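Q: Here's my sequence, what's the structure:
(2 chains)
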Protein chains: 2
Amino acid sequence: MQINFWNKQIETASRDEINDIQLRRLKNIVKQAYKSEFYKKKFHKAGIESPEDIKTLEDIQKFPFTTKNDLRQNYPAGLLASDFDDVVRIHSSSGTTGVPTVIYLSGEDMDCWTDLVARSLVATGCTKSDVFQNMMTYGLFTGGLGLHYGAERVGMAVLPIGGGNTIRQVRYMQDFNTTTLHITPSYLLHIYGKLDDFNTKIEDLSLKRAITGAEPHTEQTRKKLEELYNMPCYNSYGLSEMNGPGVAFECVYRNGMHIWEDGFIAEIINPETGEVLPDGEKGELVLTNLTRTAMPLLRYRTRDLCHIYDSDCPCGRTHRRLSRIMGRTDDMMIINGVNVFPSQIEEVVMNIPEVGTNYQIVLTKKGAIDKLIVKVEIYSKMFSGDASQLDSLNRKICEELKASIFVNPVVQIHEPGTLPTFEGKAKRVIDMREEI
Amino acid sequence: MQINFWNKQIETASRDEINDIQLRRLKNIVKQAYKSEFYKKKFHKAGIESPEDIKTLEDIQKFPFTTKNDLRQNYPAGLLASDFDDVVRIHSSSGTTGVPTVIYLSGEDMDCWTDLVARSLVATGCTKSDVFQNMMTYGLFTGGLGLHYGAERVGMAVLPIGGGNTIRQVRYMQDFNTTTLHITPSYLLHIYGKLDDFNTKIEDLSLKRAITGAEPHTEQTRKKLEELYNMPCYNSYGLSEMNGPGVAFECVYRNGMHIWEDGFIAEIINPETGEVLPDGEKGELVLTNLTRTAMPLLRYRTRDLCHIYDSDCPCGRTHRRLSRIMGRTDDMMIINGVNVFPSQIEEVVMNIPEVGTNYQIVLTKKGAIDKLIVKVEIYSKMFSGDASQLDSLNRKICEELKASIFVNPVVQIHEPGTLPTFEGKAKRVIDMREEI
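A: Here you go, the predicted structure:
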């Protein structure tokens, strides 16, 4: 397999070299964080006398965690650590669920971010000869502009088309010989169902790979996409609080996402106790941004559940790998007292060959009892046969779900194209329990 | 008045120096254009033997014009003059009115473009201490990303919020002490009417200036905006075929837009005969992009009607100035045989103090007769008084319109907030004559 590097020296550095970089940068960033109102107070409260207290990488554990709530309570500028004149970019969450969270970046910070995104794209095989159709929303959402800047730095031809308008998306894939898509997995699934309408075949396109992001999705969904499109789909990890995309990215082996450890310190903790867990154990990911001077974030609790692989990767990169995110602490549904993650349901349904490209999870309540309804689209050929076939398929899906999630679902089978579709982030879970 | 420069040497170069730069760059770009299929054929057809035929700037007149139709007929890549590997950006018109037009840029082209936009922003007084709220759509539309890149290069704090969501726009103006807006004039008018609803006063904001673009608007609209917001509103000129924004921009004197003549050669022609007109005479603007190597465009007919000022500007910049665009050859309405530009109507209504922040032009047909309806919103205090006041205001608007456009309109007076509003480009003219 062809392995490309953006910065081979850093990407294949020894563990000692990585530790050295991390320790040096950690000392600097702690010093920088001290310039913000928020961290000055927080350090003081935690009894940390001075940023010089950092002697080893383990000393990071002396610092308290930072949470999303801290960001909200200190809106808009409590975490700003540099002179406002140095800020060149402000990103913000939409604030639909409360006070927005804001991120500030200096010119240097933008440069570091862009470099990590460029490195990530090259790890998936992208080169300057590629055409990059960026189907993510541009604007405050960091996924769109983040990948845009990285792809431009690689020298790819960037088509900043944004989301939506499927007929134009497919037309431009043909007209500009697009090789690389940046897209949500649900939209990529949706487009497949539309190709027939546009008289387009996969073979008419020049697609080589998709970067799928902005939405949690399972390995089963990835496999389905890779089969449908006959190309690799790359998983990546990022969050706006850590700039956006470019925190961790898969290489061509697609066996976990390399965390760019010269840019971030990753810890896995027990979300209940805060205790740091060893590699391989599942827990909540905690990240420290080592280079963002305008707004350092130390030990930020991502609420994402995953683990870190400690094995070597055949690509030669030494940066440890993150597992697929298994759910967010706040995505978890409690159904009649049982904890269920939407990803567990997706895993089951996407693994059943008769299931098409769309599904939906609906929660309702009947008296005191929660009811879980799983709606799935089935390939149309199933509908022309014997109705008893549909019944037995329904039973099969029910049983497989129950075996996995320990909750008895109602499964509803739908014809293709009848469930709601999404040209951006999908909304898979409809929880109507509180409304009832 | 404080005059800032981005590149003083170029911006205040003597006419001889500008001519030297233009001639040198013209020779290069003609050589480069020759590498595209389209220009090779076109030059050959026009009897131009070799790019070396360019000896003086006047020799540009030997070249044939390029039109929008040429771009469409040679979609997608007939005008590409460089290796596709060098392309880092593809922009395209929406293609809603036919085949899309496409623009390719290399990394170097992006750099030149960004530099001209940075220069433009500095000419309006922007510095790295400013906060730039970019309320234009991001994506294939060049206005959004174009100004974004320029503002970032100046070192402004860029808030890439995009269009729409007025309540959030106003909130962010307050929370981030926004000083500079990039916005369509119609949306800026619309927001003014909303400030009361949000309990916000102009004095609560830190606004210093607005860059108003993406929509033709009149001097009367500018004056109205400047009075309402108590800040200067800058007019600029660009078109996606010439990268986008950054072709010509006003300086702090706001007396015409400096054409960046090191980047473009501007000619004014008689749109009927193609004859080149002297400075001061009104005609169609024709532009040659001097630096875009991935896709040179020579003598491109913009269809925009304007003239060039030949007087000196007190700011010290020597680059000649473009008048406000007086209309597009294809915007012109023919009403019962009379040529009328929408801008003429806007000029009249926005000059009437009782008229509020919104208006609309509707064309219908009664038998063979065209009917022009002008709908205007009036400030609410007018509705509480005597009805005869409204009648006399209606008559006044009718008369002033008729005196200006030689067509007898029907004027309809509306309460504030009742005409359709726009959070992006306004659609002012509704022509229903063909549907009837």
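
Q: so where is the stretch 301-436 of chain A shaky, pLDDT-wise?
A: Low-confidence segments of the stretch 301-436 of chain A (pLDDT under 70): A:424, A:435-436.

Q: Around chain B, pick out the residues from it.
A: By the rule CB under 8 Å from any CB of the partner chain, no part of the stretch 301-436 of chain A lies against chain B. In this view, the C-beta of every residue, glycine as well, is placed from N, C-alpha and C.

Q: residue contacts, the closest residue to chain B within the stretch 201-350 of chain A?
A: Across the stretch 201-350 of chain A, the shortest distance to chain B (CB to the nearest CB) belongs to A:Ala294, at 9.5 Å. Residues in contact with A:Ala294, defined by CB atoms under 8 Å, 6 or more residues apart in numbering or on different chains, are A:Leu80, A:Ala81, A:Ser82, A:Asp86, A:Val87, A:Tyr104, A:Leu105, A:Ser106, A:Asp109.

Q: quick one, strands of the stretch 1-150 of chain A?
A: A:87-92, A:102-106, A:131-134 (DSSP state E, counting those that start in this stretch).

Q: nope, the stretch 151-300 of chain A is what I was after
A: Under DSSP E, counting those that start in this stretch, the stretch 151-300 of chain A gives strands at A:157-159, A:180-183, A:209-212, A:233-239, A:244-250, A:257-259, A:264-269, A:276-277, A:283-289, A:300-306.

Q: if we can go back for a sec, redo the strands of the stretch 1-150 of chain A as CSV? Include distance to A:Ile161 and mean pLDDT.
A: CSV is the format used below for the strands of the stretch 1-150 of chain A (distance: least, CB to CB, whole Å; pLDDT from 0 to 100):
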stretch, distance to A:Ile161, mean pLDDT
strand A:87-92, 21, 96
strand A:102-106, 24, 97
strand A:131-134, 6, 98
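
Q: can you tell which of those strands is closest to chain B?
A: The closest of the strands of the stretch 1-150 of chain A to chain B is strand A:87-92. By CB to the nearest CB, the value is 4.2 Å.

Q: hang on, the earlier thing: is it possible to get JSON lines of the strands of the stretch 1-150 of chain A that adds mean neighbour count?
A: Shown next, in JSON lines, are these (neighbours: other CB atoms under 10 Å in any protein chain shown):
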{"stretch": "strand A:87-92", "mean neighbour count": "24"}
{"stretch": "strand A:102-106", "mean neighbour count": "25"}
{"stretch": "strand A:131-134", "mean neighbour count": "25"}
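
Q: Mind putting the ones you listed into a markdown table with distance to A:Asn255?
A: Shown next, in a markdown table, are these (distance: least, CB to CB, whole Å):
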| stretch | distance to A:Asn255 |
| --- | --- |
| strand A:87-92 | 31 |
| strand A:102-106 | 30 |
| strand A:131-134 | 24 |
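
Q: Please work out which residue of chain A is closest to chain B.
A: Nearest residue of chain A to chain B, counting by CB to the nearest CB: A:Tyr138, 3.3 Å away.

Q: From A:Asp304, how far out is the most centrally placed residue in chain A?
A: Centroid-nearest residue in chain A, with CA atoms, centre = their mean: A:Tyr237, separated by 4.0 Å. With distances taken as CB to CB, to the nearest Å, A:Tyr237 is found 8 Å from A:Asp304.

Q: Need the overlap of contacts for those two.
A: Common contacts of A:Tyr237 and A:Asp304 (CB under 8 Å, 6+ apart): A:Ile325.

Q: got any ranges where the stretch 101-250 of chain A has weak pLDDT?
A: Within the stretch 101-250 of chain A, not a single segment meets pLDDT under 70.

Q: what does it put close to chain B?
A: For the stretch 101-250 of chain A, the contact set with chain B under CB under 8 Å from any CB comprises A:104, A:107, A:110, A:128-129, A:131, A:138-140, A:144-145, A:152, A:155-162, A:168, A:172, A:175-176.

Q: Mind checking which of these land in helices?
A: Using DSSP state H, the members of those that fall within helices are A:Gly107, A:Met110, A:Gly144, A:Leu145, A:Glu152, A:Arg168, A:Tyr172, A:Asp175.

Q: how about these, which pair is most distant?
A: Across those, the longest distance by CB to CB is 35.3 Å; it joins A:Gly107 and A:Asp175.

Q: before we move on, the earlier item: nearest residue to the residue nearest to the centre of chain A other than its sequence neighbours?
A: When the adjacent residues along the chain are set aside, A:Tyr237 lies closest to A:Ala248, with 4.1 Å between them (CB to CB, 6 or more residues apart in numbering or on different chains).

Q: biggest strand in chain A by residues?
A: In chain A, assigned by DSSP state E, the strand with the most residues is strand A:355-366.

Q: the inter-axis angle of whichever helix or strand comes after that strand versus strand A:355-366?
A: The helix or strand immediately downstream of strand A:355-366 is strand A:369-378, counting by DSSP states H and E. In terms of direction (axes from the mean of the first three to the mean of the last three CA atoms, to 10 degrees), strand A:369-378 departs from strand A:355-366 by 160 degrees.

Q: ok, strand A:369-378: who's next to it in the sheet?
A: Sheet pairing for strand A:369-378, assigned by DSSP bridges, gives strand A:355-366 (antiparallel), strand A:410-414 (parallel).

Q: Could you single out the most deeply buried of the ones you listed?
A: Burial of those is given as mean neighbour count (mean count of other CB atoms under 10 Å in any protein chain shown); strand A:355-366 ranks first at a mean of 19.

Q: gap between it and the chain center?
A: The chain centre lies 22 Å from the centre of strand A:355-366; the measure is CA atoms, centre = their mean, to the nearest Å.

Q: and what of stretch A:13-29?
A: Here stretch A:13-29 is found 25 Å from its chain centre; the criterion is CA atoms, centre = their mean.

Q: Do you have the helices of the stretch 301-436 of chain A handy? List them.
A: A:342-350, A:381-384, A:387-405 (DSSP state H, counting those that start in this stretch).

Q: Just name the most buried of those helices.
A: Comparing those by mean count of other CB under 10 Å gives helix A:342-350 as most buried, with a mean of 22.

Q: roughly how far is that one from the heart of the chain?
A: Centroid separation for helix A:342-350 versus its chain: 17 Å, with CA atoms, centre = their mean.

Q: same question, stretch A:322-339
A: The chain centroid and the centroid of stretch A:322-339 are separated by 15 Å, computed with CA atoms, centre = their mean.

Q: Same check on stretch A:38-57?
A: With CA atoms, centre = their mean as the basis, stretch A:38-57 stands 31 Å off its chain's centre.

Q: and if you look at stretch A:8-21?
A: 25 Å.

Q: which residues are in contact with it?
A: A:Phe5, A:Leu57, A:Arg119, A:Ala123, A:His258, A:Glu261, A:Asp262, A:Gly316, A:Arg317, A:Thr318, A:His319.

Q: tell me the contacts of A:Tyr359?
A: For A:Tyr359, the contact set (CB under 8 Å, 6+ apart) comprises A:Ile345, A:Glu346, A:Val349, A:Met350, A:Val374, A:Lys375, A:Val376, A:Glu377, A:Leu419, A:Arg428.

Q: Excluding chain neighbours, what is closest to the second one?
A: This points to A:Glu346. Excluding the flanking residues, the one nearest A:Glu346 by CB to CB, 6+ apart is A:Thr218, at 4.6 Å.

Q: I'd like the distance between the one you found and B:Phe65.
A: Distance from A:Thr218 to B:Phe65, by CB to CB: 56 Å.

Q: Just give me the neighbour total for A:Gly107.
A: Other residues near A:Gly107 come to 15 when the count uses other CB atoms under 10 Å in any protein chain shown.

Q: Is it in contact with A:Asp86, as I believe?
A: Yes - with contacts defined as CB atoms under 8 Å, A:Gly107 counts as touching A:Asp86 at a distance of 7.2 Å.

Q: Tell me how many other residues surround A:Gly263.
A: Residues lying near A:Gly263 (other CB under 10 Å) number 27.

Q: Contacts only, for it.
A: A:Cys112, A:Leu116, A:Gly246, A:Val247, A:Asn289, A:Leu290, A:Thr291.

Q: one more time with 10 Å, if that's ok
A: A:10, A:21-22, A:25, A:112-113, A:115-116, A:119, A:242-243, A:246-248, A:287-292, A:319 (CB atoms under 10 Å, 6 or more residues apart in numbering or on different chains).
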